[in-house]
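S.K.: Sequence and predicted structure are below.
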Amino acid sequence: MVTDVLQALRFASPRATDPEVAVGIDAESAVVPHFATHTAVSAEAVLCANNTAAASEAVRCEEGAQVVTRDLRGAFELEGVSIRYGKETVVSGVSMCIPSKSVTALIGPSGCGKSTLLRCLNRMNDEIAGAAVTGAVRLEGVDINDGKVDAVEVRSRVGMVFQRPNPFPMSIYDNVAFGPKTFGIRRRSELNGIVESALRSAALWSEVKDVLNKHAFELSGGQQQRLCIARALATEPEVLLMDEPASALDPVSTQQIEDTIAKLGQEMMIVIVTHNMQQAARVSHQTAFMLRESNEAPAELIETGDTKSIFTNPRDSRTERYITGRFG
Amino acid sequence: MRQPRQALIGQVRRARIAEVAARVLLAVCLFCAAVPPILVIGVIVWRGLPAISLEFIFDMPKQSMTAGGIFPAIVGTALLTLATALFAVPAGIAAGIYLAEYAGDSLLARLIRLSIANMAGVPSIVYGLFGLAAFVITMHLRQSILSGALTLACLSLPAIITATEEALRQVPSELRNAALALGATKFQTITRVILPAAAPGAVTGVILGLSRAAGETAPIIVTAAAFYAPLPTGLMDKTMVLPYHLYIMATQAVRSNNNVVWGTALVLVASTMGAAMAAAAWRSAQRRKLRW
Ligand SMILES: Nc1ncnc2c1ncn2[C@@H]1O[C@H](COP(=O)(O)OP(=O)(O)OP(=O)(O)O)[C@@H](O)[C@H]1O
Ligand SMILES: [Mg+2]
């Protein structure tokens, strides 16, 4: 599929010669709304809900001589993803593309399946009895739900931070070193380096560097959550999934987490679920809005796009009603 | 305005009376329940303490066991319990892990859980007869420490399995998910996160199960216990054991020395209670580290 895209793009835009950086819009799978990376210049040029839109967007890309770059390396592509628990389908027909090196927010009312969708990005739904995912969830073009793909490998590439801080009952150091150790890294010096850089990335190093042997439960809630972020970063994932990472925290800790997210988002893909509209607006480059219109019907993806345009100029009236707080 | 207010006050007063009455009633029940065990232990300590001495613990029985010490019975019980632990603990913990983490909730798994729960209620003499048939006779292990330990292992397995499974289930799923989300395999998750977190509960259950086995008489009468024997030299020997020694001293010795009986009872109770208390102390120390 990636090569198809590149072919199409080369045809559309002779300037796009670098094969690693795809240019413009993927006309082949235009039913899939794609995000641009946040470095993209033209915000409105990257959203396409249907074929005609895609075609015209592609043309506009060329005309405007503004190269809209979409880095396919490390990107997630979801195509017709439906998730059910037992017989009840809770999420249906989600198609979207999540670019790497940017922050994507997943918003929607409580119970609409945000956590459920997030968990299907690192196969954590495998752990729930009765949960079944259909459709394609592709990471760099490979369907991670394919029987040949090992869930353990997926999770080592796609890390996760949970709503409630959940450090292991062990020291700060051992928490961060847990992931690398499971991958067989034993050398103390190597582990020390990993632990330090992970704690630095999570903006916790200065607070804990002298007390690495302290029990993790002795940290404050905000520190524990940053420890969990550090623990996830220590395995050097390409993607970090965060399910309401700041919902249990005070404003100061929230600010620290948001700063961390902003920094990390320049290097890796972050997908964050949040109920806080300001937070979504502050930290994310793209936003996806999900909605479950009735208890019987499964949730669907209503709108995806550049965060700025979703918040200032939503195309769907339901999106507008949600972000202005009129339902949900 | 006045009327409902007074009604409210009346209601509050009645609720307060009910509260006090419930408290008193519950306290009386607790007292009734607590008296027998305290009395039992009190009498054993009071009558047994005078018998305890270095010779009593470290000497061989003398004068047809009416004097001297109970050293062989202590050694026998210790050996028997150790051998029981050797068989029952690894198997029980492994089975508990499997049931909690791998077996799921299939019909077969539920059937197995139910059987294990029922096994815990089977009278101990039935285990004894099973041990006699299976180990002593069929497997030609004779009446020996080995046969007795295998029998007691069967008896304590249900308690150990159930305790392990329960302890594992009580580990919050957040910890499990955290480990899995880091790319740990299921087995790594179990061995590095879940088992350490469940250890206090599991170990307590294991020790309680073993100390119950150590105090059992019926299963070992037919599989391992000797009326009188020198110190055991190996697993294939019959042996004296504390509960059986106590039983024969209390029921069969014609002119038994009461001191020996009470002293034996005290040693038995002190060692099983000591093990249980050590387990509790260790657990509360661990819990402080593991609070969640
Ligand atoms: N383990 C489960 N088993 C069965 N149904 C589940 C399970 N987890 C979630 N659901 C159902 O799936 C739907 C979506 O749940 P999910 O937790 O994904 O919502 P959410 O958008 O994350 O909500 P919130 O914002 O409150 O966290 C809900 O209707 C919920 O009842
Ligand atoms: Mg949720």
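M.R.: Nice, I can see it. Ligands and ions are numbered 1, 2, ... in the order given.

S.K.: C-alpha from now on. contacts and neighbour counts both.
M.R.: Will do.

S.K.: Export stretch A:131-138 to PDB, keeping only CA atoms.
M.R.: Below are the C-alpha coordinates for stretch A:131-138, written out as PDB (Å, rounded to 0.1, in the frame of the first residue of the first chain):
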ATOM      1  CA  ALA A 131     -13.100  -8.600  23.200                       C
ATOM      2  CA  ALA A 132     -12.600  -9.000  19.400                       C
ATOM      3  CA  VAL A 133     -11.100  -6.500  16.900                       C
ATOM      4  CA  THR A 134     -12.000  -6.700  13.200                       C
ATOM      5  CA  GLY A 135     -10.600  -4.500  10.400                       C
ATOM      6  CA  ALA A 136      -7.000  -3.600   9.800                       C
ATOM      7  CA  VAL A 137      -4.800  -1.800  12.300                       C
ATOM      8  CA  ARG A 138      -1.500  -1.200  10.400                       C
END
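
S.K.: Please compute how far it lies from its chain's middle.
M.R.: Distance of stretch A:131-138 from its chain centroid, counting by Cα atoms, centre = their mean, to the nearest Å, is 16 Å.

S.K.: anything in that stretch near chain B?
M.R.: No: Stretch A:131-138 lies apart from chain B when judged by Cα under 8 Å from any Cα of the partner chain; the minimum separation is 14.5 Å.

S.K.: Pull out the buried positions in stretch B:40-50.
M.R.: Neighbour counts using 16 or more other Cα atoms under 10 Å in any protein chain shown place B:44-45, B:47-49 of stretch B:40-50 among the buried residues.

S.K.: could you give the mean pLDDT of it?
M.R.: Averaging pLDDT along stretch B:40-50 yields 92.

S.K.: Sticking with residue A:94, tell me its helix or strand.
M.R.: strand A:88-98 (DSSP states H and E).

S.K.: which other residues reach that strand?
M.R.: A:31-35, A:75-84, A:104, A:112-113, A:116-117, A:135, A:297-301, A:304 (Cα atoms under 8 Å, 6 or more residues apart in numbering or on different chains).

S.K.: ok, now stretch B:168-181?
M.R.: So stretch B:168-181 is in contact with A:122, A:124, A:152, A:155-156, A:159-160, A:162, A:166-168, B:97, B:100, B:186, B:189, B:193-195, B:197-198, B:202, going by Cα under 8 Å, 6+ apart.

S.K.: so where do the strands sit in the chain?
M.R.: By default, I'm working from chain A. A:21-23, A:69-71, A:76-85, A:88-98, A:103-107, A:131-139, A:142-143, A:158-161, A:239-243, A:269-273, A:286-291, A:300-306 (DSSP state E).

S.K.: try chain B instead
M.R.: So, for chain B - with DSSP E - the strands run B:61-62, B:67-68.

S.K.: so which of the contacts of stretch B:168-181 are also by ligand 1?
M.R.: Contacts with ligand 1 within those, counted by Cα under 6 Å from any ligand atom: none were found.

S.K.: For the chain, spot the helix or strand the model is least confident about on average.
M.R.: As the question left the chain open, I've gone with chain A. Between all helices and strands in chain A, the lowest mean by mean pLDDT, DSSP states H and E belongs to helix A:51-63, at a mean of 34.

S.K.: wait, I meant chain B there
M.R.: strand B:67-68 (a mean of 77).

S.K.: strand partners of that strand, parallel vs antiparallel please.
M.R.: Next to strand B:67-68 in the sheet, as set by DSSP bridges, lie strand B:61-62 (antiparallel).

S.K.: where do the helices sit along chain A?
M.R.: Under the criterion DSSP state H, chain A contains helices at A:2-12, A:51-63, A:114-119, A:151-157, A:172-182, A:188-201, A:205-208, A:221-233, A:251-264, A:277-283, A:307-312, A:317-323.

S.K.: Identify whichever of those lies nearest to chain B.
M.R.: Proximity to chain B, assessed across the helices of chain A by Cα to the nearest Cα, is greatest for helix A:151-157 (4.4 Å).

S.K.: Look up how far residue B:171 lies from whichever residue of the stretch 151-292 of chain B sits closest to chain A.
M.R.: Nearest to chain A in the stretch 151-292 of chain B, going by Cα to the nearest Cα, is residue B:183, at a distance of 4.4 Å. Separation of residue B:183 from residue B:171 (Cα to Cα, to the nearest Å): 19 Å.

S.K.: Equivalent analysis for residue A:217, please.
M.R.: Distance from residue A:217 to residue B:171, by Cα to Cα: 16 Å.

S.K.: picking up where we left off before, can you say which of the helices of chain A is nearest to residue B:230?
M.R.: Taking Cα to Cα as the measure, the helices of chain A were each checked against residue B:230, and helix A:172-182 came out nearest at 52.0 Å.

S.K.: Does chain B have contacts with that closest one?
M.R.: Yes: under the criterion of Cα under 8 Å from any Cα, helix A:172-182 makes contact with chain B via A:179, A:182.

S.K.: where in the chain is pLDDT low?
M.R.: Assuming you mean chain A. A:1-74, A:326-328 (pLDDT under 70).

S.K.: if you could check chain B rather than the one you did, that'd help
M.R.: In chain B (pLDDT under 70), the answer is B:1-4, B:253-257, B:289-292.

S.K.: Could you pick out the residues of the stretch 151-300 of chain A near chain B for me?
M.R.: Residues of the stretch 151-300 of chain A lying near chain B (Cα under 8 Å from any Cα): A:151-156, A:159-160, A:162, A:166-169, A:179, A:182, A:215, A:232, A:235.

S.K.: Return a PyMOL selection command for the buried portion of the residues you listed.
M.R.: Of those, the buried ones can be selected in PyMOL as follows, counting by 16+ other Cα under 10 Å:
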select buried, chain A and resi 151+152+154+155+156+159+160+162+166+167+168+169+179+182+215+232+235
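
S.K.: Give me the contact list for the least confident helix or strand of chain B.
M.R.: Taking Cα under 8 Å, 6+ apart as the rule, strand B:67-68 contacts B:55-56, B:59-62, B:257, B:260.

S.K.: what about residue B:86, distance to ligand 1?
M.R.: 40 Å (Cα to the nearest ligand atom, to the nearest Å).

S.K.: State the number of residues packed around that residue.
M.R.: For residue B:86, the count of nearby residues is 14 (other Cα atoms under 10 Å in any protein chain shown).

S.K.: again with residue B:278
M.R.: 13.

S.K.: number of nearby residues for whatever residue of the stretch 51-200 of chain B ends up closest to ligand 1?
M.R.: Proximity of the stretch 51-200 of chain B to ligand 1 (Cα to the nearest ligand atom) peaks at residue B:173, 11.8 Å away. Using other Cα under 10 Å, residue B:173 has 12 other residues around it.

S.K.: what's the distance between it and residue B:150?
M.R.: For residue B:173 relative to residue B:150 (Cα to Cα), the value is 36 Å.

S.K.: Repeat that for residue A:209.
M.R.: Distance from residue A:209 to residue B:150, by Cα to Cα: 52 Å.

S.K.: Quick check: which of the helices of chain A is nearest to residue B:72?
M.R.: helix A:172-182 (47.5 Å).
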